[in-house]
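# okay, sequence plus prediction incoming.
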Amino acid sequence: MANTSAVAASALRQFAFFDAHPVKDVHDLASSPEIFKNASEISTVVSSSAGLLAADIHGSVHVLNQDFVSSMSWVAHLGGRVTHMAERNGVLVTVGEEDAVRGSFIKIWDLGKTDKKSLAPALLRSSKVQPSNKLHPVSCIALSSTLSFLAIGLADGTALLYRHLDQSLSPTASLTALPKARIIHESSSEPITGLGFREPSADTDAKDNHLHLFIATTNSVYLYHVSGKGSGGSSVLLDEIGCGLGCAVIDWRAERIVLARDEAVYAYGLQGREPPYAYEGYKESILTHHNYVVVVSPPTTATATSPATRKLAAAAGADGDASKVTVFDMENKVVGYTGMFSGGVRQVISEWGNIYILTNDGQLTRLAEKSTSAKLSMLYAKALYPLALSLAQTQHLDESYVADIHRQQGDYLYTKGDWDGAMACYVKTIGWVKPSYVVRKFLDAQRIHNLVTYLQELHALGLANADHTTLLLNTYTKLKDVARLDSFIKTESLRSDAADSKGELPFDLDTAIRVCRQAGYFEHASYLAKRYGRHEEYLRVMIEDAGKYGEALTYLRHLGADAAESNLARYGRAMLDNLPEETTQLLIDICTISGPLTTADAWDAASQQSSTPANTPSYLSYLALSRAPAPEDKEEESKAEEEEGESAELPKTHSSAPAPPEEKRPSPTLYFAHFVDHPSYFVHFLESVAARRWGQSLSPPLSSPPSSSENEDEGSKKRDQSAVWNTLLELYLDGGSQEQQDNALKILTSDTLPCDKTHALILCSSYSYTPGLVVLWEKLDMYEDVLRFWMDKHNATPSDSASAEVVQALARYGPSHPHLYELVLRFFTSTPELLTRHQADVEKILEHIEKERIMPPLGVVQVLSRNGVASVGLVKGWLMGRIKEAREEVQTDQQLINSYRLETNAKLKQVAELEDPMHAKVFSVTRCSQCNGQLDLPSVHFMCNHSYHQRCLLDHDTECPLCARQHGVIQEIRRNNERMADQHELFLSDVRENGFNAVASGFGKGVLNMTRLEDIAA
C-alpha cells in the first residue's frame, strides 16, 4: 500500500488545445438539440458502440446519432428513472428504479436485436438488486470489457460482483436468471463512490496480468483481485484517501483509477498511489477522454472565487453561478482547456472523438481538439520541445513527427550555440532528415568533433552512403585519430555481425577501404578487406601498397582453390617476382588439389625440378595463344558470416568432419604467362602439375596414378595435358643443356605423353633439334622427309655421316616403303663422289628393285640416264639380265598366243560344222556319258558328242546334262557382268584403285562392250 503522506504535486502548464463550439439542433439552428432542452430531466448519458445513450428521469433510454437525433427510444424502467448505464459489445446494462418495485432494478438489453412488438431492444435479463433485507440505492456500476463481470456499488458501502455474466445470458435461461451476486467489500460508514475494472494488459510479460477491480469510497481506495491466481480473497486497501460520488473514473488505458479531490488529482495502479497532479479547488465530477482527464468544478459565484476564476466567468458571460471545466493531460502534465459554463454543468460526454459539455440550462458545447501540428506549433513557440516529444509519444504519433520535433529542437539549440545539445537532437533524426541538412551545419573545423559523432551514428544505423564514409574516414585521418578509426572500423564491424545475421555493414565497405588506402592506413584497409571477404581488395593492399607478399601468399592458400584462382591470375606475376618458390608451390597445389590447399605433400619427392637458368624463351607466342582470360572475382560473402571476433585473422579452412564437395581444378594454362621471367620455376611447375594431376612424367610411370576429377571435362583435360607438355618441350629445347636435351627427346619418343606432334615438329625445326625431328618424322610416317633431311644436309655440307644416315634410313624404312629405293637411287647417282662412295650400295639397291619388282627396267634406265654420272658399265650386267628375262617372257607369251589361236580355230571349225545342215554327224560313242554303261537302245545322242541311255535322262531333257552345267556357269558369269555394266560407281571406284588393270578387266568381261550398250539403249 502506498504511503499516505503528502506527495509533492506536479505543476501543470496551460494551453488552448481545444476549441469550444456550440452544438445546435439539426432542425433549429438557433437552439440546442431538442432532446437536451430539458436538461434537468436527463439522468445519465454514456457512450456506446450503437451511439450516444441518454436516459431520463422517466425511465426511457434514447439512442442518439451524431446529429443528436434519437434513432431508437424505449422505456427501460416503467414509472421510474434510469440511474446508471454501462454498455459493452452491444449489450446494455441499466440500473434504475420503478414504481411497482422497491429498490433498484437491473436490466440487460441486447442492442443488436429488436423486439417485434415493442420495437425496443431485446430484454435479456431483469432482476432486483437486493443483497440483504435492507434496501440501499445504487451509487455506481462497472462492467468488464468482456461482459464477464459486473460490479455494483451501494450507498451503504457494499460492493457486489456478478461473475460469468456473459455465460448466463443464454436465450434458454429464465429472464431473471442472473449469477448470484457476491459481496466483495463492505464498509458501512463509507459509501461506494466509484468502481472500475483494471483490464489485463496486452503485454503477456507483465508481472500481474489478471483482472482487478478498483473500489473507491468517500475515505479510501481498495483493490480486489477478480480473476486469475489468488482471486476471490478480500479487497486490499491502497490508500486512505477517498473521493466524492462521480469523482472516480478509470483511465483511457483501463490500467489506473483516477480520483478527483479538492487538493489534487490522484491516480492509483496495482502498486498503489502514483505521484498526484496539483489542481486545487472543489470538484464535482471527473471523466476521461483519450489521454485527457476532464474535471468539472461545482458552480461558484463570481464574488466567491479567485481572480482567475472570475476572469473566466466574465469571459463566458456568466452573471451568476458558473461551473469550471478543465481538460488536462495527466501523463504530459499540461492543461489543454479551461472554461466556465454558466448555470452549472449537467453532463460531460466523450463521444465521436470530441468532448461534449451539457449545461443545466440545456446548452450543448463541443470541445474539438486541435490538430497535432497546431498543438506542436504552440509548444515550439515556447521552446517546450521535451513536452512536445512527450505529447507525441502519448498520442502514438508517427516517427516522422518525432524526428521533426528533434530537428526543431536541434535547430533551436544550434542557434543558441549549444553544439553538443544540438547534435544529440540531430542524431535522433537519422532516417527522417537528410544527412546533408546536418552535415552542412557542422563542416566548420570547430565543430568537426560533433560531425564525427553524427557520422558514426549514421554508419551504425546502416544509413550512410559512400560520401558519408569518405567524409568520416577523412576526418579521422585528418585528425590523426587512430584510436577512433580503430573503434569505428573494428567495433562497428563486430556490432554489425552481432546485430545482423545477414552481415550488413554499417558503412560503405568499398569506400572505407579506398580511403584507408589513400591515407596510408594499410592495416585498417587490409582488416576490412579480410574480415568481409574482399579477397581482391585485401591482396591489392598487401601486394601493391604494403608489399607483404608472405602474408598475401598465406591468405591465398587459406582462401581455397576457387578464390585463389581468380586472384592469382591477376597477382601471380608479382608474387613470383618476390616469392618464386612459395608461389610456384601454391600454383601447383591449386592446379592439382581438389579441396583444401595444404602446404606440402608426398608428391613433391617425386617431382623433378630443373634449376638451370635460361634466357627468356620464345614460348611467348604459345602463351599468347593458350592464355585464357581470368575469371571474374567470386566474392564469398558467406565467409564473413562464419568468422567471429578475432577469428577473422585468416579465412576458415575446411576442417569440419563432413568432406567438402570436390571442386573443379583450374586449367594450368591460366598461369603460364606469370612464368615469363622464371623459366626454371616454370619447368618445375609444369612437371609437378603433370605428375600430380595426371600421373605423367619422364620417369617410369607411377604405380597408382591419381584419379581424374569427375568435374573435369575430357576435352579440356586433353587440351591442358597437350599444352603442358608442349610448353615443357619448348622449355627443354630452349635450355640448351644436355640434360634438358635428353628430356626433350624423352618427350618425343614417349608413346604415353600427350605432346602435339605437329607443334613439336615446329619447335624442333625452330631449335634445329635433329634427333627430335627424326623421331617425329618416324612417328608421323614421314620417312621420305627423313631421307630428304639427310640428303639436304649432305648437299649443304658434304660428309660421309649424312650419306651413311641415308643408307641406314633406307635399310630401316625401305622394306615397308619400296618407293624410297627410287629416291635413294636418284640421290646416290646425283654426284660422282656419292656414286663412287656408295657403288656397292647402288648395286644392292638395284638387286632389291629387281627382286621386289619395284621399278620396271625402263624406269631404272631413265633414272640412271638423267645425268652423266652413272655409266653403262655400272648397270651392264643388270641390264643384260633384265633383257634376257624380257626375251624369255616374250617367247613364253608368243607360245601362249599360238596355242590360243589353235584352240580358237578348232572351236570356230566345230561351230561351222554344227551350223552346216548338209554336214552329216557320225556318233561313234559306245558308252553312256551318265552311267558309263554300254549303250543300248533306246539311246539319246547330242551334238556335243555326248550320248546317254534314255532312262538316264530325267524328264527327257533336250540339253546335254554335262554341257548344261558348264554352260550355266558361263551364262551366270555373263549375267553378272551384264549387271555390273550398270553399276558405274563400283566400276569407277575399281578404276581409281587399280587403274589400267580395271579398264582391261572391264573390256574382258564385256562391261565396256559397245554392242551391249546398244542393246540397252534399244
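That came through, no problem. Small disclaimer: the values here were computed from a predicted structure and weren't measured.

# next, count neighbours for residue 31.
Around residue 31 there are 13 other residues, counting by other C-beta atoms under 10 Å. In short, each C-beta sits where N, CA and C put it, glycine included.

# contacts only, for it.
Neighbouring residues of residue 31 by C-beta atoms under 8 Å, 6 or more residues apart in numbering: 24-25, 37.

# where does the stretch 601-750 of the chain have low pLDDT?
Within the stretch 601-750 of the chain, the segments meeting pLDDT under 70 span 601-663, 700-712.

# can you get me a residue count around residue 239?
20.

# my read is that it contacts residue 221, right?
Yes: the criterion here is C-beta atoms under 8 Å, and residue 239 meets it with residue 221 at 4.7 Å.

# need the overlap of contacts for the two.
Taking C-beta under 8 Å, 6+ apart as the contact rule, residue 239 and residue 221 both touch 268, 273.

# where in the stretch 251-400 of the chain is pLDDT low?
Those would be 300-320, if you go by pLDDT under 70 across the stretch 251-400 of the chain.

# which residues in it form strands?
Under the criterion DSSP state E, counting those that start in this stretch, strands of the stretch 251-400 of the chain are mapped to 257-260, 264-269, 272-273, 277-278, 285-289, 292-300, 322-329, 334-342, 345-351, 354-359, 364-369.

# mind putting these into a markdown table with mean neighbour count?
Formatted as a markdown table, those follow (neighbours: other C-beta atoms under 10 Å):
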| stretch | mean neighbour count |
| --- | --- |
| strand 257-260 | 28 |
| strand 264-269 | 21 |
| strand 272-273 | 18 |
| strand 277-278 | 18 |
| strand 285-289 | 20 |
| strand 292-300 | 23 |
| strand 322-329 | 25 |
| strand 334-342 | 22 |
| strand 345-351 | 21 |
| strand 354-359 | 22 |
| strand 364-369 | 19 |
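
# dump these to JSON lines, plus distance to residue 880.
Below are those laid out as JSON lines (distance: least, C-beta to C-beta, whole Å):
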{"stretch": "strand 257-260", "distance to residue 880": "151"}
{"stretch": "strand 264-269", "distance to residue 880": "145"}
{"stretch": "strand 272-273", "distance to residue 880": "150"}
{"stretch": "strand 277-278", "distance to residue 880": "151"}
{"stretch": "strand 285-289", "distance to residue 880": "147"}
{"stretch": "strand 292-300", "distance to residue 880": "147"}
{"stretch": "strand 322-329", "distance to residue 880": "145"}
{"stretch": "strand 334-342", "distance to residue 880": "146"}
{"stretch": "strand 345-351", "distance to residue 880": "148"}
{"stretch": "strand 354-359", "distance to residue 880": "147"}
{"stretch": "strand 364-369", "distance to residue 880": "144"}
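
# between those strands, which gets nearest to residue 448?
Nearest to residue 448, of all those, is strand 334-342, at 39.2 Å by C-beta to C-beta.

# and that closest one, how far from the chain's centre?
Relative to its chain's centre, strand 334-342 lies at 62 Å (C-alpha atoms, centre = their mean, to the nearest Å).

# check stretch 59-79 too.
Relative to its parent chain, stretch 59-79 has a centroid offset of 65 Å by C-alpha atoms, centre = their mean.

# list the buried ones in it?
Within stretch 59-79, the residues scored as buried using 16 or more other C-beta atoms under 10 Å are 59-64, 68-70, 72-74, 76-77.

# re earlier: closest one of the contacts of residue 31 to residue 593?
For the contacts of residue 31, the nearest to residue 593 is residue 24 (92.7 Å; C-beta to C-beta).

# how about the contacts made by the closest one?
Counting by C-beta under 8 Å, 6+ apart, residue 24 touches 30-33.

# does the helix ranked longest in the chain pack against any helices or strands, and if so which?
Assignment by DSSP state H gives helix 872-915 as the longest helix of the chain. In this structure, helix 872-915 packs against helix 839-852, helix 857-864, with contacts taken as 3 or more C-beta pairs under 8 Å, 6 or more residues apart in numbering; DSSP states H and E.

# what does the helix or strand that that helix is followed by rub up against?
Sequence-wise, the next helix or strand downstream of helix 872-915 (DSSP states H and E) is strand 939-941. Here strand 939-941 makes contact (C-beta under 8 Å, 6+ apart) with 923, 925, 928, 947-950, 953.

# where does this structure dip in pLDDT?
For the chain, the ranges with pLDDT under 70 are 1-11, 203-208, 300-320, 491-507, 595-663, 700-712, 872-873, 956, 1006, 1008-1018.

# could you list the domains of it?
376-541, 668-696+717-779, 964-1012 (the TED database).

# how about CSV for those domains, with distance to residue 214 added?
Listed next are the domains of the chain as CSV, based on distance: least, C-beta to C-beta, whole Å:
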stretch, distance to residue 214
domain 376-541, 22
domain 668-696+717-779, 82
domain 964-1012, 116
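
# and among those domains, the most buried is which?
Mean neighbour count (mean count of other C-beta atoms under 10 Å) peaks for domain 668-696+717-779 among the domains of the chain, with a mean of 20.

# give the contact list for the closest residue to residue 542 other than its chain neighbours.
Nearest-residue entry for residue 542: residue 552, 4.1 Å, with adjacent residues in sequence omitted and distances by C-beta to C-beta, 6 or more residues apart in numbering. Contacts for residue 552 (C-beta under 8 Å, 6+ apart) come out as 538-539, 542-543, 571, 575.

# let's see it at 6 Å
By C-beta atoms under 6 Å, 6 or more residues apart in numbering, the contact list for residue 552 reads 539, 542-543.

# am I right that it is in a strand?
No: remark: residue 552 does not belong to a strand; assigned using DSSP: H, G, I helix; E, B strand; the rest coil, it is helix.

# coming back round to it: quick check on the contacts of strand 939-941: which are buried?
The neighbour count (16+ other C-beta under 10 Å) marks 928, 947-949, 953 as buried among those.

# including secondary structure and distance to residue 369, could the residues you listed go into TSV?
Shown next, in TSV, are those (DSSP: H, G, I helix; E, B strand; the rest coil; distance: C-beta to C-beta, whole Å):
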residue	secondary structure	distance to residue 369
928	coil	148
947	strand	150
948	strand	145
949	strand	148
953	coil	142
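
# wait, residue 564 touches residue 556, no?
Yes: look at residue 564 against residue 556 with C-beta atoms under 6 Å: they come within range, at 4.6 Å.

# between the two, which one's more packed in?
Legend: neighbour count by other C-beta under 10 Å for residue 564 and residue 556, higher for residue 556 (29 against 24).

# A strand includes the more buried one, no?
No: residue state for residue 556 (three-state DSSP) corresponds to helix; a strand is not indicated.

# please report phi then psi for residue 146.
phi -100, psi 10 (degrees, to the nearest 10).
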